[in-house]
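Colleague: Dropping a prediction and its sequence here:
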Amino acid sequence: MTHKIAVLPGDGIGTEIVAEAVKVLNVLELPLEMETAPVGGAAYEVAGHPLPESTLKLAQDSDAILFGAVGDWKYDTLERRLRPEQAILGLRKALGLFANFRPAICYEQLVGASSLKPELIAGLDILIIRELTGDIYFGQPRGRRVATDGHFPGAEEAFDTMRYSRPEIERIAHVAFQAARKRSKKVTSVDKANVLETFQFWKDVVTEVHQQYPDVELEHMYVDNAAMQLVKAPKKFDVLFTGNMFGDILSDEAAMLTGSIGMLPSASLNANGQGLYEPSHGSAPDIAGKGVANPLATILSAAMMLRFSLNQPEAADRIESAVRAVLAAGLRTPDIWSEGTTRVGTREMGDAVVAAITGKGITKS
Ligand SMILES: NC(=O)c1ccc[n+]([C@@H]2O[C@H](COP(=O)([O-])OP(=O)(O)OC[C@H]3O[C@@H](n4cnc5c(N)ncnc54)[C@H](O)[C@@H]3O)[C@@H](O)[C@H]2O)c1
Ligand SMILES: CC(C)[C@H](C(=O)O)[C@@H](O)C(=O)O
Ligand SMILES: [Mg+2]
């Protein structure tokens, strides 16, 4: 059966890193039909909207979506609905991609690339599960107005709404407990129940759902403490599960435990197993076009796509083994480079993964 993949490279380094992931997928010679469409700022330029109807339809009609990144500072003054970031938010919402998996794994060879002490991160393998379609990201109402109360009545103010419904919390809690069953059966639910009603409710509902998973250990932790514990003793976590905004922040923090944000892949799934696969990082305008971005998070996201949406676990294993092999061979993009290793660019890194898959040998240039 041929699988249809929507390839949405987006902006900045998005095009560079997705090209490498596509190269890696092509070499596997699987029955994949890949179709590319513009998204983000690139789509705004050609179609006047960051998520044109045709791109959304392609995504909806595909078995999986391979996404690069969107955004550029030059669009920051556009009205919000036209900003590139609305494309990824719109896709998550339209496709119901509520379950976001961000595995933070510290590959043995990159222990020295992290800003943390090697002993804190050696062997690290944690899974962040982030709720992706609720919370303050999507809560209504939001906007700007003149305050009628508060500290400065009559002053201009802006507001967003943090909200979660019971079913939204229940379904992501099930995802977290079920994921934990396949790992070390430990979930840390991260909240801010000491201050926010939304997250007291989160904690209450998670505790209720937990009754159905007596074999899984549940711990609750406040988000400020979790941010601290992630750098103090990250290996104490196994499945770290939280809401949309806390998950956004904590996953970037966790990325540095792996050596670089360029190493953190992600999968965003809906209730039908359809998924969007993207690196956890953004379009990195500061390095875009220079050929130095690390493509491994995107290549590893393609492996997650093969495993989660396309039922091709062996092909996923081949990609992940190839990534380990190129790291073992000492190849490093600048973000993970350290003394004694070989600095390569985006394309050379992709070529090396391809070479490791085909068994042609990894060449250092
Ligand atoms: N899902 C997405 O599309 C997504 C995610 C995050 C940010 N963004 C957008 O990206 C733009 C830039 O945001 P930002 O700078 O805050 O975050 P960013 O993740 O793009 O970059 C943060 C830092 O990490 C570096 N970096 C990121 N990915 C890298 C890689 N693969 N290899 C090497 N270095 C890498 C960048 O050079 C930069 O110094 C903004 O418009 C933001 O909204 C998009
Ligand atoms: C670009 C932005 C909307 C997005 C988010 O905040 O979810 C990004 O930071 C991410 O982590 O995927
Ligand atoms: Mg983010």
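Modeller: On my side now, so go ahead. Values in this document were obtained by computation on a predicted structure and should not be read as measured data. Ligands and ions are numbered 1, 2, ... in the order given.
Colleague: Could you give the separation of the worst-scoring helix or strand of the chain on mean pLDDT from the chain centroid?
Modeller: Using mean pLDDT, DSSP states H and E, the weakest-scoring helix or strand in the chain turns out to be helix 118-121, at a mean of 93. How far helix 118-121 lies from its chain's middle: 23 Å, per CA atoms, centre = their mean, to the nearest Å.
Colleague: which outside residues touch it?
Modeller: Helix 118-121 has contacts (CB atoms under 8 Å, 6 or more residues apart in numbering) with 106, 111-112, 114, 231, 233-235, 257-258. (C-beta placed from N, C-alpha, C; glycine too.)
Colleague: Could you pull out the buried residues of it?
Modeller: 120-121 (16 or more other CB atoms under 10 Å).
Colleague: how distant is the next helix or strand after that helix from the center of its chain?
Modeller: Toward the C-terminus, helix 118-121 is succeeded by strand 125-131 as the next helix or strand (DSSP states H and E). Chain-centre distance of strand 125-131: 10 Å, with CA atoms, centre = their mean.
Colleague: Run through the helices of this protein in chain order.
Modeller: 13-27, 41-47, 53-60, 85-95, 118-121, 166-181, 197-210, 223-232, 244-255, 296-308, 313-328, 346-358 (DSSP state H).
Colleague: Give me whichever of those helices is most buried.
Modeller: Scoring the helices of the chain by mean neighbour count under mean count of other CB atoms under 10 Å gives helix 296-308 as the most buried, with a mean of 26.
Colleague: helices or strands next to that one in the packing?
Modeller: Where contact means 3 or more CB pairs under 8 Å, 6 or more residues apart in numbering; DSSP states H and E, helix 296-308 is packed against helix 13-27, strand 64-69, strand 267-269, strand 275-277, helix 313-328, helix 346-358.
Colleague: Residues of this protein that sit close to ligand 2?
Modeller: Along the chain, the residues adjacent to ligand 2 under the rule CB under 6 Å from any ligand atom are 71, 85, 88-89, 248, 280, 282.
Colleague: Tell me the one of the residues you listed nearest E320?
Modeller: For these, the minimum distance to E320 (CB to CB) is 16.6 Å, reached by S280.
Colleague: Contact partners for the closest one?
Modeller: 102, 251-252, 255, 261, 264-266, 297 are the contacts of S280 under CB under 8 Å, 6+ apart.
Colleague: and which of these is nearest to G291?
Modeller: Distances from G291 to those, taken by CB to CB, are shortest for A297, at 16.4 Å.
Colleague: which non-adjacent residue is nearest that closest one?
Modeller: Leaving aside its chain neighbours, A297 sits nearest to P279 (3.4 Å; criterion: CB to CB, 6 or more residues apart in numbering).
Colleague: how far away is the one you found from D61?
Modeller: According to CB to CB, to the nearest Å, P279 stands 24 Å off from D61.
Colleague: Next up, phi/psi of whichever residue of the stretch 51-200 of the chain sits closest to ligand 1, please.
Modeller: Of all residues in the stretch 51-200 of the chain, G71 sits closest to ligand 1, at 2.2 Å by CB to the nearest ligand atom. Main-chain dihedrals, G71, degrees, to the nearest 10: phi 120, psi 150.
Colleague: i'd like the first residue to be 28 from this point on
Modeller: Understood, numbering begins at 28; the last thing we discussed is G98.
Colleague: before we move on, back to that, now the helices of the chain in a markdown table, please, with extra columns for distance to ligand 1.
Modeller: Output for the helices of the chain, formatted as a markdown table (distance: least, CB to the nearest ligand atom, whole Å):
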| stretch | distance to ligand 1 |
| --- | --- |
| helix 40-54 | 6 |
| helix 68-74 | 8 |
| helix 80-87 | 14 |
| helix 112-122 | 5 |
| helix 145-148 | 18 |
| helix 193-208 | 19 |
| helix 224-237 | 23 |
| helix 250-259 | 17 |
| helix 271-282 | 7 |
| helix 323-335 | 6 |
| helix 340-355 | 14 |
| helix 373-385 | 8 |
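Colleague: Could you chop this structure up by domain?
Modeller: 28-125+297-392, 127-290 (automatic domain parsing).
Colleague: Who has more neighbours out of P306 and D88?
Modeller: Counting neighbours by other CB atoms under 10 Å for P306 and for D88 shows that P306 has the greater number, 31 against 10.
Colleague: Brilliant, that's me finished.
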